[in-house]
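[1] have a look; sequence and predicted model below, questions after that.
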Amino acid sequence: MPRRARPVLANVPLHIIQRGNNRQPCFFTDADYHVYLDMLRIAAAAAGCQVHAYVLMTNHVHLLASPDHARSAAAMMKALGERYVPYVNRRYGRSGTLWEGRFRSSLVEHARYLLICQRYIELNPVRAQIVPHPSHYPWSSYRANAHGAASELISPHLIYTELAHDRLGRERAYRRLFSEHLPIRLINKVRRATNGNFALGNKQFTDTVAKALGREVVPRQGGRRGRN
């Protein structure tokens, strides 16, 4: 059965996940994470994508980005793969693919789900029991969003900037969002949308997306939830 086409609309946030082939590692040393983030910054700027959040796990990555155009996200990921995969192959004397096929993604309703999705992404290392708190994990956007750590990659979404009138207020408000873990209901909803290439939002949002794309963009009842 052919894979469901990814839903993409200009200026609508997109949650992207890309996994290592056969769940194998994509990052082996700290240098690899730094190289990937630098390549991501360059690819995002060239393709016209505003990156709001990310986490780099050992064998997969999550990104939350708003594409300027319908093809921006695909162009960003293509350029990133064309640079990062050869880098890994040269550095470690390997060949062949690094990623598990095409990336998966979901359109995100910004009003209700953007900050939920950001929390989902930045809490990934906590759910994986790697760290007790997202501030302890160096390879995510949490420190930039929650503590104002310098980042040439992160572009705050309007929903984030509306948390407070000034930077310190926004960071405090953002940190408060992490005082509790995400409910499993929301975790499953984010997973299901992203792994299935669906839209994540209320009925008005998904109906609007379905009309714009001319196809179904919500999962059927009883579908698989996926992982990560």
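    Now that the structure is in, tell me what you want to look at.

[2] helices of the protein, start to end?
    Taking DSSP state H, the helices of the chain run over residues 30-47, 72-92, 110-122, 124-127, 142-147, 158-161, 167-176, 184-195, 203-213.

[3] and these as JSON lines, adding mean neighbour count?
    All C-beta spots, glycine's among them, are computed from the backbone N, C-alpha and C. Shown next, in JSON lines, are those (neighbours: other Cβ atoms under 10 Å):
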{"stretch": "helix 30-47", "mean neighbour count": "17"}
{"stretch": "helix 72-92", "mean neighbour count": "17"}
{"stretch": "helix 110-122", "mean neighbour count": "22"}
{"stretch": "helix 124-127", "mean neighbour count": "18"}
{"stretch": "helix 142-147", "mean neighbour count": "21"}
{"stretch": "helix 158-161", "mean neighbour count": "14"}
{"stretch": "helix 167-176", "mean neighbour count": "15"}
{"stretch": "helix 184-195", "mean neighbour count": "18"}
{"stretch": "helix 203-213", "mean neighbour count": "15"}
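
[4] mean pLDDT lowest for which of these?
    Here the helices of the chain differ in mean pLDDT, and the lowest is helix 203-213 at a mean of 89.

[5] mind listing residues that contact that one?
    Pro7, Leu9, Val12, Leu107, Glu109, Ala199, Gly201, Glu216, Val217, Val218 (Cβ atoms under 8 Å, 6 or more residues apart in numbering).

[6] so for the last one, what's the pLDDT?
    The one in question is Val218. Listed pLDDT for Val218 reads 83.

[7] mind checking how far the residue of the chain positioned farthest from its centre is from Phe28?
    Farthest-out residue of the chain from its mean C-alpha position, per Cα atoms, centre = their mean: Gly93, at 28.8 Å. As judged by Cβ to Cβ, to the nearest Å, Gly93 and Phe28 stand 12 Å apart.

[8] do the same with Leu168
    In this view, Leu168 and Phe28 are 37 Å apart by Cβ to Cβ.

[9] cool, and Val12?
    Going from Val12 to Phe28 by Cβ to Cβ gives 34 Å.

[10] if you count surrounding residues, which of those two has more?
    In this view Val12 and Phe28 are compared by other Cβ atoms under 10 Å, and Val12 has more residues nearby, 20 against 12.

[11] with adjacent residues omitted, what lies nearest to the residue nearest the centre of the chain?
    In the chain, the residue lying closest to the centroid (Cα atoms, centre = their mean) is Leu63, at 2.1 Å. Spatial nearest neighbour of Leu63, chain neighbours left out: Ile16 (4.3 Å); criterion: Cβ to Cβ, 6 or more residues apart in numbering.
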